[in-house]
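Enquirer: build me a model from this:
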Amino acid sequence: MARPSIELIDALRRTAQNLKNGAPYQWGHMGGCNCGNLVQEITKLNKEQIHRYAMQRHGDWSEQAEDYCSTSQMPIDVLINEMLRAGLTIEDLKHLERLDDRQILLHLPINKRHLKHNVREDVITYMLIWANLLEDQLLDKIALPNLELTAWVE
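Expert: Have a look, this model is predicted:
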């Protein structure tokens with residue numbers, strides 16, 4: 001799963017909020033699908049730019065991620081590299097496109113675990129749960145000093 005960071009958590013929540021507020025969503029469009037909307041938030045590119053970059057090579061985000069080459073200067077590889085720098089993994093991109101990461105789905109009620117990868121509301125739910133999981137992981141890493149209260153009490 002992704003490397004938790006405040007920036008990534010915020011990007012997931014902003015993307016979900018944008019989708020909730022009516023941002024363009026089209027699963028078959030590389031710039032307006034599940035990954036495409038998150039890429040927009042992280043890279044600040046618009047959906048047309050993302051789609052144009054992605055169409056220079058064959059495949060959906062899952063296939064593009066599978067074919068990713070870190071040393072390539074293909075525009076789609078540059079975008080994927082930005083996503084990896086933001087803390088995502090190749091597997092995260094594949095799971096996001098299909099909404100099928102088991103760690104995320106296990107945090108849904110049993111009767112709600114069968115998300116449809118091309119339904120806006122399911123994408124929003126998936127991203128918000130993912131952001132919450134990453135936030136929990138980030139908070140677990142924070143170690144606060146154990147302060148003695150007796151020093152403050154008279």
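Enquirer: what sits against Arg13?
Expert: 127-128, 131 (C-beta atoms under 8 Å, 6 or more residues apart in numbering). In this view, the C-beta of every residue, glycine as well, is placed from N, C-alpha and C.
Enquirer: make JSON lines out of those and add secondary structure.
Expert: Formatted as JSON lines, those follow (DSSP: H, G, I helix; E, B strand; the rest coil):
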{"residue": "Met127", "secondary structure": "helix"}
{"residue": "Leu128", "secondary structure": "helix"}
{"residue": "Ala131", "secondary structure": "helix"}
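Enquirer: who wins on neighbours among these?
Expert: Ranked by neighbour count (other C-beta atoms under 10 Å), the contacts of Arg13 have Met127 at the top, with 25 neighbours.
Enquirer: please tell me how far it sits from Ala54.
Expert: 20 Å (C-beta to C-beta, to the nearest Å).
Enquirer: show me the shaky parts of the chain.
Expert: Under the criterion pLDDT under 70, the flagged ranges of the chain are 147-154.
Enquirer: cutoff 90 now
Expert: Applying pLDDT under 90 to the chain flags the ranges 1, 57-59, 73, 109, 111-112, 140-154.
Enquirer: from the contacts of Arg13, pick the one nearest Leu8.
Expert: Among the contacts of Arg13, Ala131 lies closest to Leu8 (C-beta to C-beta), at 8.1 Å.
Enquirer: is it correct that the closest one is in contact with Gln17?
Expert: No. Using C-beta atoms under 8 Å, Ala131 is not in contact with Gln17, being 10.5 Å away.
Enquirer: picking up where we left off before, closest one of the contacts of Arg13 to Tyr25?
Expert: When these are compared against Tyr25 (criterion: C-beta to C-beta), the nearest one is Met127, at 12.0 Å.
Enquirer: my guess is the closest one meets Leu38, correct?
Expert: Yes. Judged on C-beta under 8 Å, Met127 makes contact with Leu38 at a distance of 7.4 Å.
Enquirer: quick check: neighbours shared by the two?
Expert: 12, 15.
Enquirer: now the phi/psi pair for the residue nearest to Met1 when sequence neighbours are not counted, please.
Expert: Distances taken as C-beta to C-beta, 6 or more residues apart in numbering place Gln103 nearest to Met1, at 5.8 Å, with adjacent residues excluded. With angles defined as degrees, to the nearest 10, Gln103 sits at phi -60, psi -40.
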